[in-house]
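>>> dropping the sequence and predicted coords here.
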Amino acid sequence: FLKGFHANAQLSLPGVTCAVVGSVPKNFNLGNLNGVVLGADGNFYGTTTYGGAAGYGTFYQVTPAGAFKLLYSFGKGTNPQGGPVDGGQPSSPVLGWGSDHNFYGTTGYGGSSVNSGTIFKMTPGGSLTTLYTFGQTGDGYSQGGNPLVLGSDGNFYGTTPTGGANGSGIIFQIASTPPYQFSLLYSFAPATDLRGNRTIGAGALVQGSDGNFYGATQYGGDFGSGSIFQFIPASAANGPGFNTVYSFPALSDVFGDPLVIGVNNLMQASNGMLYGTTEYGGANDLSAMNNNGFNGGGDGALFSINSQGLFSILYSFDQNGFDGFNPIGALVQGTNGALYGITASGGANGGGTIFQFTPDAAIGFLVWFDKGLGEQQGGQNSYNGGYYNDFAPPVGLVAGGGGFYGTAPNGGANGNGTVFSLGGGSLSGNYPPNIGTPPASLTGVVGASATLTVSAGGTPPLSYQWKRNGTLVGGATTASLTLPALT
């Protein structure tokens with residue numbers, strides 16, 4: 001059913017191809033690739049956490065023909081704490097709004113005065129402008145460099161894993177036009193994980209179709225094991241506000257260590273449900289150690305959740321099979337309605353997989369990354385294809401140009417990593433309509449109104465028709481039905 005990840009390898013799924021767009025050249029000091037975004041000019045752009053002239057990371061370009069070009073090396077200037085004024089350890093960039101073809105991101109280190117990170121703008125030609133420096137009174141510390149998200153209002157939104165009024169991180173907004181006004185929107189409450197560490201570790205945000213923002217934390221919640229939250233912006237009728245939608249349970253493995261779920265960034269599918277993966281947890285190998293000797297507990301899981309907190313584990317990965325384990329990064333959805341993602345480890349070659357999740361809860365594995373015989377995970381020697389390791393940044397696939405693109409931090413023709421594409425054929429096929437979450441039973445007061453909702457999947461556009469006692473309800477052709485007065 002599956003074949004290894006080689007340049008231009010044909011997969012057994014009809015018409016689907018995986019190709020190495022380009023391999024990082026020898027002696028090209030880029031460092032681990034963070035992922036790419038397709039620019040308005042048809043080239044790929046990305047960042048690396050480390051590498052470059054000063055070792056603080058880079059911004060680079062890859063042409064469709066696979067030619068790499070180093071555009072910018074972070075690490076210019078020295079602040080009073082000895083860090084780079086322009087920042088270091090950048091996140092994966094996002095493209096600007098509309099006709100703005102610049103790129104925006106954060107750094108997890110450096111800044112004008114302290115080493116708390118920055119928000120930057122980068123032109124396609126490699127000219128950097130620092131828009132904001134973290135570490136000012138009451139704001140966050142951008143350790144880890146979470147990616148920004150472009151909101152429907154044209155502003156950028158993001159989180160920091162630490163800092164703020166309580167030291168547990170913040171949610172912020174920064175305008176996408178001059179003077180790039182920065183606003184602190186929310187400070188996470190003090191949180192303590194199961195080891196007593198006071199941090200909440202929020203990841204990147206995603207904006208839902210309801211206009212609210214959703215995200216996940218590595219710690220905190222009701223049990224200290226992490227949570228999924230909702231942030232309601234001030235522009236909403238009932239905003240601003242913050243809600244914990246779901247708290248991961250307090251579990252421990254057989255060693256007595258916390259079962260660190262390691263939830264990755266979320267995405268919202270066309271059926272309105274939020275989907276995500278956890279690097280650890282799930283039903284398999286709860287006592288297993290990862291390659292760093294950490295008792296992570298579990299091989300990872302794929303889950304869904306709605307805005308009301310209905311949580312379901314849809315699949316548990318298993319390192320004892322060929323499906324890969326320890327998924328990383330956010331999922332992406334194809335035009336066929338299926339979800340796609342990456343695992344950091346496992347598969348036939350031990351180097352991770354690209355998988356497909358279909359609405360009928362079936363998992364298919366499109367690619368086994370090649371690790372290379374005799375090569376330990378994390379090595380830098382040359383071998384075919386690319387593979388992921390435990391140190392890879394949490395960046396998954398990105399959509400663009402009718403397909404998907406991604407990076408592997410190692411491997412390729414020169415052993416320094418690859419940019420690859422996945423597309424065609426079955427990725428753009430059709431899936432029939434399916435009900436993800438049926439309407440829930442409600443109890444109400446006579447004369448009061450009640451609203452029923454349904455979430456559905458399948459290849460868009462979808463159409464709806466509600467019935468009551470087998471009779472069509474006139475005009476009820478959306479995903480929700482409001483009964484104005486119960487009788």
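Yep, that arrived. Numbers count the residues shown, from 1 in each chain.

>>> just checking, what's the longest strand in this protein?
strand 325-333 (DSSP state E).

>>> chain center to that strand, what's the gap?
7 Å (CA atoms, centre = their mean, to the nearest Å).

>>> that strand pairs with which strands, parallel or anti?
With DSSP bridges as the test, strand 325-333 is paired with strand 339-345 (antiparallel).

>>> can you name every helix or strand that the helix or strand following the strand it pairs with contacts?
Sequence order places strand 353-357 as the next helix or strand after strand 339-345, per DSSP states H and E. Where contact means 3 or more CB pairs under 8 Å, 6 or more residues apart in numbering; DSSP states H and E, strand 353-357 is packed against strand 339-345, strand 363-368. C-beta coordinates here come from the backbone N, C-alpha and C atoms, glycine included.

>>> what average pLDDT does the shortest one get?
If I follow you right, that is strand 363-368. Averaging pLDDT along strand 363-368 gives 66.

>>> again, but for stretch 299-317
88.

>>> for that stretch, buried residues please.
Residues 299-307, 315-317 are the ones in stretch 299-317 that count as buried (16 or more other CB atoms under 10 Å).

>>> now for these: which two are most distant?
Asp299 and Ser307 (28.1 Å; CB to CB).

>>> stretch 205-222: end-to-end distance?
Stretch 205-222 has an end-to-end distance of 20 Å (CA to CA, to the nearest Å).

>>> strands along the stretch 351-487 of the chain, start to end?
Secondary structure of the stretch 351-487 of the chain (DSSP state E, counting those that start in this stretch): strands at 353-357, 363-368, 383-387, 398-400, 403-408, 410-412, 418-423, 434-437, 450-453, 455-457, 467-468, 471-472, 480-483.

>>> revised request: answer the last question for the stretch 51-200 of the chain.
Under DSSP E, counting those that start in this stretch, the stretch 51-200 of the chain gives strands at 58-62, 68-73, 88-90, 94-95, 103-109, 118-122, 128-133, 140-141, 149-150, 156-160, 162-163, 170-174, 182-187.

>>> looking at the ones you listed, which is nearest to Gly321?
strand 58-62 (33.2 Å).

>>> list the contacts of that closest one.
If you take CB atoms under 8 Å, 6 or more residues apart in numbering as the criterion, strand 58-62 is touched by 21-22, 30-31, 36, 39, 43-48, 51-52, 68-74, 90, 93, 103, 122, 124, 126, 128, 419.

>>> so Phe322 touches Thr343, yeah?
No. Applying CB atoms under 8 Å as the test, Phe322 and Thr343 come out as separate, 10.9 Å apart.

>>> what is in contact with the two at once?
Thr353.

>>> more neighbours: which of those two?
Thr343 (28 against 15; other CB atoms under 10 Å).

>>> so how far is Pro240 from that one?
37 Å (CB to CB, to the nearest Å).

>>> ok, Leu184 next?
Taking CB to CB, one finds Leu184 at 12 Å from Pro240.

>>> of those two, give the one with the bigger neighbour count.
Set Leu184 next to Pro240 and count neighbours by other CB under 10 Å: Leu184 wins out with 17 against 13.

>>> quick one: that one and Gly138 touch, right?
Yes. Using CB under 8 Å, Leu184 is in contact with Gly138, at 6.8 Å.

>>> who touches both of the two?
Common neighbours of Leu184 and Gly138 (CB under 8 Å, 6+ apart) are Gly164.

>>> what's next to stretch 34-50, contact-wise?
Residues contacting stretch 34-50 (CB under 8 Å, 6+ apart): 21, 30-33, 56-64, 71, 89-95, 101, 103, 105, 108, 124, 145, 329, 393, 395-396, 398, 400-401, 405-407, 419.

>>> list the buried ones in that stretch?
If you call a residue buried by 16+ other CB under 10 Å, then stretch 34-50 has these buried ones: 34-39, 43-50.

>>> pick out the most distant pair among those residues.
It's Leu38 and Tyr50 that sit farthest apart of the buried residues of stretch 34-50, by CB to CB, at 23.7 Å.

>>> can you pull up the most central residue in the chain?
By CA atoms, centre = their mean, the mean C-alpha position of the chain lies nearest to Ala330, the distance being 2.9 Å.

>>> residues in contact with that residue?
204, 206, 264-267, 276, 341, 396.

>>> can you say which of the contacts of strand 58-62 are buried?
The neighbour-count test (16+ other CB under 10 Å) applied to those identifies 21-22, 30-31, 36, 39, 43-48, 51-52, 68, 70-74, 90, 93, 103, 122, 124, 126, 128, 419 as buried.

>>> now His466. Nearest residue, chain neighbours left out?
Just so we're on the same page, residue 466 is Trp rather than His. Counting by CB to CB, 6 or more residues apart in numbering, Trp466 lies nearest to Ala476, which is 3.7 Å off, once chain neighbours are set aside.

>>> neighbours around that neighbour, how many?
Applying other CB under 10 Å, I find that Ala476 has 16 neighbouring residues.

>>> quick one: it and Thr453 touch, right?
No. Using CB under 8 Å as the test, Ala476 is too far from Thr453 to be in contact (11.9 Å).
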